[in-house]
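1. A predicted structure for the sequence below; I have some questions about it.
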Amino acid sequence: MIEAGIFKANDIRGVVSGPHRQWDVEGAGKIGAAFVAAFGLAGGEFVMSHDMRHGGPELSRAFADGAMAAGASVVDIGLASTDGLWYASGALHLPGVQFTASHNPSDYNGVKFCLPDAAPITPELMGKIREYSLGEVPGGQVRAGSYRTDELLAGYAAHLHSLVDATGWRRLKVVVDAGNGMAGYTTPAVLGPLNVELIELFTELDGSFPNHPPNPLEPANLLDAQAAVRAHGADLALVFDGDADRCFIIDEHGDVVSPSVITALIAKAELAREHGAAIVINTITSRAVGEVVAAAGGRLVTSAVGHTRMKAKMAEHRAIFGGEHSAHYYFREFWGADTGMLAGLHVLAMLGHGDQTMSELAAALPSYANSGELNTSVADPAAITAEVAAAFAGRGEISWTDGLLVSGPDWWLSVRESNTEPLLRLNVEAPEQGLVDQLRDEALRIIRKEA
């Protein structure tokens, strides 16, 4: 069983349990065969893993069976975070397949793909996987592929440790909220050996997410970590999403640090190592990042939102680092791929090697007020977006590169469709909160059809 709606711009996501299932084990086998045909992998090999979501082992094994029947051999590394799969792809120089639905609700599962060395899948390849999965898989008689298992967690941790200088750190007290996701698996291996006192929240792997949903973009899902920082007098908190490729930072006061601030801080540190290097951001990253990059002598490159698009820009420009508003952080030395844990290590190094607090590091950067990401389910996203564009016509420069972006003299407003969910996303930034509120409310009246 496969419904066409599970095929998204960058990956696959759909409901796998309950009365409204969109795909199942049989469908996973068909997708496995389609993947082999699309990638031309008959006679070749790929690496595969799954996260802690219910059904992950069964779906991934069915996918592997379909792939092997189509002639490909499988290296199954079992449980892994998404950045663990990117590591495996890079270390083994193989295409990769990760079973995860990231931050989606517990009844979802999905698949992320990459080319060898964690390179992003192209829209054309994604289109072929969809076409073959929903129709006929091309190919004739082939010799069935083989199946073997491997364990790469220790190698993943060692690689991350090689990229950040952890020697001579002052002792840090760190809250880690894994949200019952894959950071509960990777934290002991990566952070356990370092000079940190760990306060662990929800590190038990549980795909039903009994404590809070695995989406740190929603403020309610940060409350537990904020409270833990205050209660324990911690230096900061790291809050991960379900597949642990994203990491949010909370300062010593329990306040959320904007991902744009983290992007600016890491960009500044990376540019100190390589003056003039490119830094990739997306269309809704704060203008503050551009100001920091310019002052540090870097080149700013703007990408459409989404990990495949960001990774493509990273490769095109040989960028040293990239950051998105959603707390995806990309590193050249991690094959240009996104890794929440490596971003967390960089922040820990900034604190551990200095005497400033997290809030002091953030306060030293340019600051803009913002709305946060506001999501609305609408029946006709294109029509609503066009209405917003008409309402703001003549008030700023309008771009359609990645949804609607209206750029005023010192503010911007973005309206774009989600790549993964049936939502319209609104983001607003301005120098003062009052102007943010005014622009936000005007746009929301149109989006939500409020009187």
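-> Structure received.
2. only C-alpha atoms for contact and neighbour calcs from this point on.
-> OK.
3. Report the separation between the two terminal residues of stretch 313-328.
-> 14 Å (Cα to Cα, to the nearest Å).
4. Identify each buried residue in that stretch, please.
-> Using 16 or more other Cα atoms under 10 Å as the test for burial, stretch 313-328 gives 313-315, 319-328.
5. Any idea how far that stretch is from the middle of the chain?
-> 11 Å (Cα atoms, centre = their mean, to the nearest Å).
6. as a whole number, average confidence for that stretch?
-> Per-residue pLDDT values over stretch 313-328 give a mean of 96.
7. follow-up on the earlier one: mind putting the buried residues of stretch 313-328 in a markdown table, secondary structure and distance to residue 407 included?
-> Formatted as a markdown table, those follow (DSSP: H, G, I helix; E, B strand; the rest coil; distance: Cα to Cα, whole Å):
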| residue | secondary structure | distance to residue 407 |
| --- | --- | --- |
| 313 | helix | 22 |
| 314 | helix | 24 |
| 315 | helix | 27 |
| 319 | coil | 25 |
| 320 | coil | 27 |
| 321 | strand | 25 |
| 322 | strand | 22 |
| 323 | strand | 20 |
| 324 | coil | 18 |
| 325 | coil | 17 |
| 326 | coil | 20 |
| 327 | coil | 22 |
| 328 | strand | 23 |
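8. what residues does the helix or strand hosting residue 83 touch?
-> Secondary structure assignment for residue 83, by DSSP states H and E: helix 82-92. Helix 82-92 has contacts (Cα atoms under 8 Å, 6 or more residues apart in numbering) with 47-49, 51, 94-98, 100, 114-118, 152-153, 156, 243-245, 334-335, 337-340.
9. Equivalent analysis for stretch 320-334, please.
-> Against stretch 320-334 from outside (Cα under 8 Å, 6+ apart): 87, 90, 163, 217, 245-248, 258-260, 263, 266-267, 270, 277-282, 284-286, 305, 307, 310-311, 314, 318-319, 336-340, 343.
10. Can you tell me which of those are buried?
-> Neighbour counting by 16+ other Cα under 10 Å classes 87, 90, 217, 245-248, 258-260, 263, 266-267, 270, 277-282, 284-286, 305, 307, 310-311, 314, 319, 336-340, 343 among those as buried.
11. in this protein, which residue is closest to the centre?
-> With distances taken as Cα atoms, centre = their mean, residue 328 lies nearest the centre of the chain, 4.3 Å away.
12. Shouldn't residue 348 be within a strand?
-> No - counting by DSSP: H, G, I helix; E, B strand; the rest coil, residue 348 falls outside a strand, being helix.
13. so where's the stretch 301-450 of the chain uncertain?
-> Across the stretch 301-450 of the chain, the ranges flagged by pLDDT under 70 are 420, 450.
14. Do a quick rundown of the helices in the stretch 1-150 of the chain.
-> Applying DSSP state H, counting those that start in this stretch to the stretch 1-150 of the chain gives helices spanning 25-39, 56-69, 82-92, 123-134.
15. closest to residue 404 out of these?
-> Closest to residue 404 of the helices of the stretch 1-150 of the chain, according to Cα to Cα: helix 123-134, at 21.0 Å.
16. tell me the angle of the closest one relative to helix 25-39?
-> For helix 123-134 against helix 25-39, the angle by axes from the mean of the first three to the mean of the last three Cα atoms, to 10 degrees is 140 degrees.
17. Among the contacts of helix 82-92, name the ones in strands.
-> Using DSSP state E, the members of the contacts of helix 82-92 that fall within strands are 47, 48, 49, 96, 97, 98, 114, 115, 337, 338.
18. Turn these into a markdown table, including distance to residue 196.
-> Shown next, in a markdown table, are the ones in strands among the contacts of helix 82-92 (distance: Cα to Cα, whole Å):
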| residue | distance to residue 196 |
| --- | --- |
| 47 | 33 |
| 48 | 32 |
| 49 | 29 |
| 96 | 32 |
| 97 | 33 |
| 98 | 30 |
| 114 | 33 |
| 115 | 35 |
| 337 | 26 |
| 338 | 23 |
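19. Filter those residues down to the buried ones, PyMOL style.
-> Buried residues within the ones in strands among the contacts of helix 82-92, by 16+ other Cα under 10 Å, are selected in PyMOL with:
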select buried, resi 47+48+49+96+97+98+114+115+337+338
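20. Out of the ones in strands among the contacts of helix 82-92, which is nearest to residue 171?
-> Taking the ones in strands among the contacts of helix 82-92 together and measuring to residue 171 by Cα to Cα, the closest member is residue 338, at 26.9 Å.
21. beta partners for that closest one?
-> residue 330 (DSSP bridges).
22. residues contacting it?
-> Contacts of residue 338 by Cα under 8 Å, 6+ apart are 83, 245, 246, 307, 311, 328, 329, 330, 331.
23. one more time with 7 Å
-> Neighbouring residues of residue 338 by Cα atoms under 7 Å, 6 or more residues apart in numbering: 83, 245, 328, 329, 330, 331.
24. Check those residues and tell me the two furthest apart.
-> 245 and 331 (12.2 Å).
25. So residue 66 is in contact with residue 34, correct?
-> No - here residue 66 does not reach residue 34: they are 8.4 Å apart, not a contact under Cα atoms under 7 Å.
26. Give me the more crowded residue out of the two.
-> More crowded of residue 66 and residue 34, by other Cα atoms under 10 Å: residue 34, with 28 against 25.
27. Can you check the pLDDT for the more buried one?
-> 98.
28. How about the one 4 residues further on?
-> Listed pLDDT for residue 38 reads 97.
29. isn't it right next to residue 128, touching?
-> Yes - between residue 38 and residue 128 there is a contact under Cα under 7 Å: 5.6 Å.
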